[in-house]
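*Asks:* Below is the sequence, then the predicted model.
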Amino acid sequence: MTNLKIYNTLHKKKETFEPIKPGKVGIYVCGPTVYDASHIGHARCVVVFDVIVRYLRAIGCEVTYVRNFTDVDDKIINRAGELGISTQELSERYIKEFYEDMDALNVERATIEPRATDYIDEIIKVVEHLISRGHAYEAGGDVFFAVESFKDYGKLSGRRVEEMQAGARVEVDEKKRNPFDFVLWKGAKPGEPMWDSPWGKGRPGWHIECSAMSTRFLGRHFDIHGGGKDLIFPHHENEIAQSEGAFGEQFVNVWIHNGFVRIDQEKMSKSLGNFLMIKDILKQYHPEAVRLFLLSNHYRSPVDFTHQAMVEADAGLEKIYALLHRIDGYLGRCEHGNDKQSPGALWAGFCQAMDDDFNTARGIGLVFEAVRQLNRFMDDIGGKIGQQDQARLASTRADLMRTASLLGILTEAPSQFFEQRRADVLQRKGIDIALIERLIAERARARQQKDWATADRIRGELSAMDILIEDRADGTTWKVK
């Protein structure tokens, strides 16, 4: 564990990670506000933390992973009103869609996935703590956090109240003592969801729910809190103020924030109309290619979603599957995922990359270098394979599967992957598989008879059909352009 270094947003530097309780890690990540389908930005956050949690478990940590759903919010209320349905019905619809999208992306479920509306009592208790400690005040049925009461306000984002212009990025409300005070409890309005509280009927503000749920499941002081960079201010800044103000102790040791997804080098935004929904992306690209793309840059860096980037990710995925397929051809039918070889150089290098602030970009680079080396190695040995060669292939295959299990890829047997891919492309292009196989067999016979003219003619026919063939020592393979 002492090898793992994580960039801590709170201190603006990499730090050696040591859990509060040896061998156990508590991590909370802010989940979606469920008023619409999930987009590619949501996918990046969820996939990044999915890999982080997988790695922590792989190196022996017992991880309690909490990711919430915000199921009461102004956006949810407004959208439900537009559709003429209840906020609960709207939330249920998009929670279901979220799970469908994340299951398709092979995202493992969090240990605990609480919904804000199930923890109203806990939220009220935290607000009561804040009032009793002089950090919050009631005004006309609303309750606000008094930012000037918390001297460390701004320590995560680097912003200071006195340096921020009044009214900028904050909701103007005459009930507030200070324009930067933020709402903890909202008094009831007609037609909105509401619950009883000491301040009258109402509902929680956005920020307070995460303080209540994280401390409910992980305690008042836990290891890691994460989310997208857009949450640093005001959401996570306000969480720190609320939690430390209410309980008088450090809230979180390490803050992790992932970078944005851009669309063709532009910021993804509603005003530009370039929000790409996960369900639409998955109609075009293999879900494992989407994961490879999202992990291809360091998690703190932005990543640019383009068709070309996805084509490259898809081609990369195919190269890895092709290598496994080729190795299996040498080693015989291997039971998928049942590799019991001891960890080798690839795994050691991958772990070294992950220990450096979860550097999946470097780790994926090592995977592709291993693919290149193994293909050259098999080219050199041709059709003959000795015991030492077999051991090398088996060891590297096992390492590939270990790294793939952390990246969340290679969940299919190679033969299944290529059969499905081939069927999809051929169906789209209207190509007859039987005809291709017959032409390849005819070409093989022509090559055996040294009838190079016929062999070249058949290659040309296949090329005209968008079929690429590759002659290897172990036979001829083909794929669609």
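*Replies:* Alright, I've got the coordinates.

*Asks:* which stretches of this structure have low pLDDT?
*Replies:* 1-2, 165-172, 270-271, 333-340, 383 (pLDDT under 70).

*Asks:* Longest helix in it, please.
*Replies:* helix 307-331 (DSSP state H).

*Asks:* in that helix, what counts as buried?
*Replies:* Applying a neighbour-count criterion of 16 or more other C-beta atoms under 10 Å, one finds 309-310, 313-314, 316-318, 320-324, 326-328, 330 buried in helix 307-331. For glycine as for every other residue, the C-beta is placed from the backbone atoms N, C-alpha and C.

*Asks:* go on, stretch 387-398?
*Replies:* 392-398.

*Asks:* cool, and stretch 193-204?
*Replies:* So for stretch 193-204, counting by 16+ other C-beta under 10 Å, buried means 193-195, 197, 199, 202-204.

*Asks:* still on that earlier bit, which is the next helix or strand following the longest helix of the chain?
*Replies:* Downstream of helix 307-331, the next assigned helix or strand under DSSP states H and E is helix 345-355.

*Asks:* If you count contacts, what does that next one end up packed against?
*Replies:* helix 360-381, helix 387-407 (3 or more C-beta pairs under 8 Å, 6 or more residues apart in numbering; DSSP states H and E).

*Asks:* Now render these as JSON lines, adding distance to R67.
*Replies:* Converted to JSON lines, the helices and strands packed on helix 345-355 look like this (distance: least, C-beta to C-beta, whole Å):
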{"stretch": "helix 360-381", "distance to R67": "19"}
{"stretch": "helix 387-407", "distance to R67": "18"}
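
*Asks:* Buried deepest among the ones you listed, which one?
*Replies:* Per-stretch averages of neighbours, counted by mean count of other C-beta atoms under 10 Å, single out helix 387-407 among the helices and strands packed on helix 345-355, with a mean of 18.

*Asks:* so what secondary structure elements neighbour the next helix or strand after that one?
*Replies:* Using DSSP H and E, the helix or strand that follows helix 387-407 in sequence is helix 414-429. Where contact means 3+ C-beta pairs under 8 Å, 6+ apart, helix 414-429 is packed against helix 307-331, strand 475-480.

*Asks:* Can you tell me which of these is nearest to Y28?
*Replies:* helix 307-331 (29.5 Å; C-beta to C-beta).

*Asks:* quick one: the closest one to chain centroid distance?
*Replies:* In this view, helix 307-331 has its centroid 21 Å away from the chain centroid, taken as C-alpha atoms, centre = their mean, to the nearest Å.

*Asks:* show me what contacts R443?
*Replies:* 454-455, 458-459, 462, 469, 476 (C-beta atoms under 8 Å, 6 or more residues apart in numbering).

*Asks:* For these, which single residue is the most surrounded?
*Replies:* Compared across those, I458 has the highest neighbour count, 22 neighbours, by other C-beta atoms under 10 Å.

*Asks:* Hmm, L439 and that one touching each other?
*Replies:* Yes - using C-beta atoms under 8 Å, I458 is in contact with L439, at 5.3 Å.

*Asks:* Quick check: bridge partners of G227?
*Replies:* H257 (DSSP bridges).

*Asks:* ok, now how distant is it from G134?
*Replies:* Using C-beta to C-beta, to the nearest Å, G227 is found at 29 Å from G134.

*Asks:* the more surrounded of these two?
*Replies:* G227 (22 against 10).

*Asks:* close enough to count as contact, the more buried one and E237?
*Replies:* No - G227 is beyond contact range of E237, at 11.9 Å (criterion: C-beta under 8 Å).

*Asks:* and V425, which of the helices and strands packed on helix 345-355 is closest to it?
*Replies:* helix 360-381 (21.7 Å).

*Asks:* So for stretch 23-33, first residue to last residue, what's the gap.
*Replies:* 32 Å (C-alpha to C-alpha, to the nearest Å).

*Asks:* List the buried residues of it.
*Replies:* The neighbour-count criterion (16+ other C-beta under 10 Å) identifies 25-33 as the buried residues of stretch 23-33.

*Asks:* ok, now stretch 427-446?
*Replies:* Buried, per 16+ other C-beta under 10 Å, within stretch 427-446: 436, 439-440, 442-443, 446.

*Asks:* Make TSV out of the residues you listed and add distance to R402.
*Replies:* Shown next, in TSV, are the buried residues of stretch 427-446 (distance: C-beta to C-beta, whole Å):
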residue	distance to R402
I436	35
L439	40
I440	35
E442	42
R443	39
A446	43
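
*Asks:* List the ones among those residues that fall in helices.
*Replies:* Checked against DSSP H, the buried residues of stretch 427-446 include these in helices: 436, 439-440, 442-443, 446.

*Asks:* ok so, going back, of the buried residues of helix 307-331, closest to I52?
*Replies:* Nearest member of those to I52, counting by C-beta to C-beta, is A313, at 20.0 Å.

*Asks:* ok, that closest one - contacts?
*Replies:* 285, 289-290, 292-293, 296.

*Asks:* before we move on, the earlier item: which of the helices and strands packed on helix 414-429 sits closest to K151?
*Replies:* Per C-beta to C-beta, nearest to K151 of the helices and strands packed on helix 414-429: helix 307-331, 44.9 Å.

*Asks:* quick one, that closest one and helix 360-381 angle?
*Replies:* In terms of direction (axes from the mean of the first three to the mean of the last three C-alpha atoms, to 10 degrees), helix 307-331 departs from helix 360-381 by 40 degrees.

*Asks:* May I ask which helix or strand encompasses the closest residue to V143 other than its chain neighbours?
*Replies:* Nearest non-adjacent residue to V143, counting by C-beta to C-beta, 6 or more residues apart in numbering: W185, 4.0 Å away. Element membership of W185 [criterion: DSSP H and E] is strand 182-187.

*Asks:* hang on, the earlier thing: could you dump the contacts of R443 into a markdown table and include secondary structure and distance to D280?
*Replies:* Shown next, in a markdown table, are these (DSSP: H, G, I helix; E, B strand; the rest coil; distance: C-beta to C-beta, whole Å):
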| residue | secondary structure | distance to D280 |
| --- | --- | --- |
| T454 | helix | 46 |
| A455 | helix | 43 |
| I458 | helix | 39 |
| R459 | helix | 37 |
| L462 | helix | 33 |
| I469 | strand | 34 |
| T476 | strand | 37 |
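
*Asks:* Would you mind giving those residues as JSON lines with distance to R54 added?
*Replies:* Listed next are the contacts of R443 as JSON lines, based on distance: C-beta to C-beta, whole Å:
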{"residue": "T454", "distance to R54": "52"}
{"residue": "A455", "distance to R54": "48"}
{"residue": "I458", "distance to R54": "46"}
{"residue": "R459", "distance to R54": "44"}
{"residue": "L462", "distance to R54": "41"}
{"residue": "I469", "distance to R54": "38"}
{"residue": "T476", "distance to R54": "38"}
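
*Asks:* Nearest to S157, out of those residues: which one, please.
*Replies:* The closest of the contacts of R443, once distances to S157 are taken by C-beta to C-beta, is I469, at 56.8 Å.

*Asks:* could you measure the nearest residue in space to the closest one that is not next to it in sequence against M354, distance?
*Replies:* Spatial nearest neighbour of I469, excluding adjacent residues (C-beta to C-beta, 6+ apart): W478 at 4.7 Å. Going from W478 to M354 by C-beta to C-beta gives 36 Å.

*Asks:* Over to S91?
*Replies:* Separation of S91 from M354 (C-beta to C-beta): 35 Å.
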